[in-house]
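K.L.:
Just need the structure, nothing else, for what follows:
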Amino acid sequence: MKKYDSQPTIQVGILKQTEIKFILRGEFVVNGGTEIVSGEGSVALSDGQILYNGLRYDSLLFSSADEESSFDLVDVVIGIHFHWERKETQRFKGALKFILLDGELQAINIVPTEDYLTSVISSEMSATSSLELLKAHAVISRSWLLNKLEDRLEEKHSDAMVITDEKIIRWYDHQDHTHFDVCADDHCQRYQGITKASTQAVREAIKATFGEVLTYDGKICDARFYKACGGATELFENCWEEVHHPYLLPVADAANLTLPDLTQEAEARKWILSTPTAYCNTTDRLVLSQVLNNYDQETPDFYRWRVAYSQKELSELIGEKMGIDFGEIVDLIPLKRGASARIIELKVVGTKRTVVIGKELEIRKALSKSHLYSSAFVVDKEENDGSVRFVLRGAGWGHGVGLCQIGAAVMASQGIGYQTILSHYYPHSELTKRY
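P.N.:
Numbers count the residues shown, from 1 in each chain. Alright, predicted model coming up:
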């Protein structure tokens, strides 16, 4: 079991463009030399190098000269490929690094782990969330991060796929960052520097859990999380690679509730078309406002939801998203469901071609212009005067593996401590201090 002498310093990929504008608030040292700069600046791609103040560099590092210095990055894209995608100016502490990456400039923030976490738990949720929820999120965000750092020392697992004429099975994971540790968007963990106002509760949660992680059998847990499970959590291997983690198991998101076998179509339909009692089945605006940032609150129907497409709309959407000419879509048939009723394999039947697609994120990508809330849905075909409409009725928001953020928020609002919240969503795990 690895112990750290002190908290690690990490590199976070923030923004990638051919030209990046920034504001240095305070004094910064350039590339470890004697030059001190501050104020507005920009870097641009020029002849395969980084152009800054008329000079070209292979890489560029601005190190803050004191603890009070910070910097702004202009037009940072958040919610990439999601329905809330937008640009905003964000502010960061620590060092600012620029490198060349895939023909563009990559801006990287170098920052201590605990400062990173202070931002993450204010960015993933509201900094005004209850203390026990913030503690729980501090532990899982720290666990997820350090798990990724330790995985780099072991065998890497890349995004994977199985592609034939009849089947397209893909899953997407966090292994594609080779020039920095994690990115700042939902692909990894939301990190917005000091843009989101921190609170005394956030600082207290970080201090109270300093260095704490979840472990299983001596290894730091891959502590996944998402918005709302819809009443039941999912197995890791049903969303990503075929690896079983004994702490990422199906859990009923309620006290004293036994889940039906949601891998069975009849039970899944009954479950999704009902509204069972669950921690994340809440309309409490106070709790939701503590958990969800403004753009997340644009999604009010997270527990049970409905999406409808005409046959023409669905055919055009799936064809565009998958790059396949299915002809007219005539059916969507769930072939395999996970423990939370999330569809793992879906048969898309067209007049020209039939293809089985999976796993859950591939299905969500194919059936929405951004991302379908989850793959836990049932399909009904409605016919009227010769026209066909496909109605998808679903449950939950996200992949469903690990901690349900809204469910955890409700548990905390009921006075349940962070240790109990963590043991609920990560059974068989242990709290361990690593530094």
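K.L.:
Is it correct that residue 177 is in contact with residue 151?
P.N.:
No: contact criterion Cβ atoms under 8 Å: residue 177 and residue 151 do not qualify, at 11.5 Å. Glycine gets a C-beta too; all of them are placed from N, C-alpha and C.
K.L.:
could you show me where the helices are in the stretch 101-250 of the chain, in order?
P.N.:
Ranges of helices in the stretch 101-250 of the chain, per DSSP state H, counting those that start in this stretch, are 113-123, 131-151, 200-208.
K.L.:
Mind giving me the packing neighbours of the first one?
P.N.:
Other elements packing on helix 113-123 under the criterion 3 or more Cβ pairs under 8 Å, 6 or more residues apart in numbering; DSSP states H and E are strand 9-17, helix 131-151, helix 200-208.
K.L.:
neighbouring strands for the first one, and are they parallel or not?
P.N.:
What it means is strand 9-17. If you go by DSSP bridges, strand 9-17 pairs up with strand 104-112 (antiparallel), strand 182-183 (parallel).
K.L.:
buried sites along the first one?
P.N.:
What that stands for is strand 104-112. Buried residues in strand 104-112, counting neighbours by 16 or more other Cβ atoms under 10 Å, are found at 105, 106, 107, 108, 109, 110, 111.
K.L.:
who touches the fourth one in this structure?
P.N.:
Contacts here follow Cβ atoms under 8 Å, 6 or more residues apart in numbering; on that basis residue 108 touches 11, 12, 13, 14, 96, 97, 98, 99, 179, 180.
K.L.:
Give me the phi and psi for the last one.
P.N.:
The phi and psi torsions at residue 180 (degrees, to the nearest 10) take the values phi -160, psi 170.
K.L.:
Tell me how many other residues surround it.
P.N.:
Number of residues near residue 180 (other Cβ atoms under 10 Å) recorded here: 20.
K.L.:
And it, how close does it get to residue 279?
P.N.:
Counting by Cβ to Cβ, to the nearest Å, the separation of residue 180 from residue 279 is 35 Å.
K.L.:
Neighbours of residue 256, how many?
P.N.:
Neighbours around residue 256, by other Cβ under 10 Å: 6.
K.L.:
Pretty sure it sits in a helix.
P.N.:
No: the assignment for residue 256, made by DSSP: H, G, I helix; E, B strand; the rest coil, is coil rather than a helix.
K.L.:
and it, what pLDDT?
P.N.:
pLDDT recorded at residue 256 is 85.
K.L.:
centroid residue for the chain?
P.N.:
residue 186 (3.7 Å; Cα atoms, centre = their mean).
K.L.:
chain center to the lowest-mean-pLDDT helix or strand in the chain, what's the gap?
P.N.:
Within the chain, no helix or strand scores below strand 160-163, which has a mean of 78 by mean pLDDT, DSSP states H and E. How far strand 160-163 lies from its chain's middle: 22 Å, per Cα atoms, centre = their mean, to the nearest Å.
K.L.:
List every C-alpha atom in it, with coordinates, as CSV.
P.N.:
C-alpha atoms of strand 160-163 as CSV (Å, rounded to 0.1, in the frame of the first residue of the first chain):
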residue,chain,number,x,y,z
ALA,A,160,-12.0,0.0,-26.1
MET,A,161,-14.4,-1.2,-28.9
VAL,A,162,-15.8,-4.2,-30.6
ILE,A,163,-16.8,-3.3,-34.2
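K.L.:
Tell me the helices and strands packed up against it.
P.N.:
Under the contact criterion of 3+ Cβ pairs under 8 Å, 6+ apart, strand 160-163 touches strand 167-171.
K.L.:
ok, and what's touching the strand it packs on?
P.N.:
Residues contacting strand 167-171 (Cβ under 8 Å, 6+ apart): 159-163, 239-241, 322, 345, 355-359, 361-362.
K.L.:
how does it look with 7 Å?
P.N.:
By Cβ atoms under 7 Å, 6 or more residues apart in numbering, the residues outside strand 167-171 that reach it are 159-162, 239-241, 355-359, 361-362.
K.L.:
Can you tell me the closest non-neighbouring residue to residue 202?
P.N.:
The shortest distance from residue 202 to any non-neighbouring residue, by Cβ to Cβ, 6 or more residues apart in numbering, is to residue 127 (5.0 Å).
K.L.:
oh, I was asking about residue 195
P.N.:
Residue 195 sits nearest to residue 90 (Cβ to Cβ, 6+ apart), 4.2 Å away.
K.L.:
Right, I'll call it a day here.
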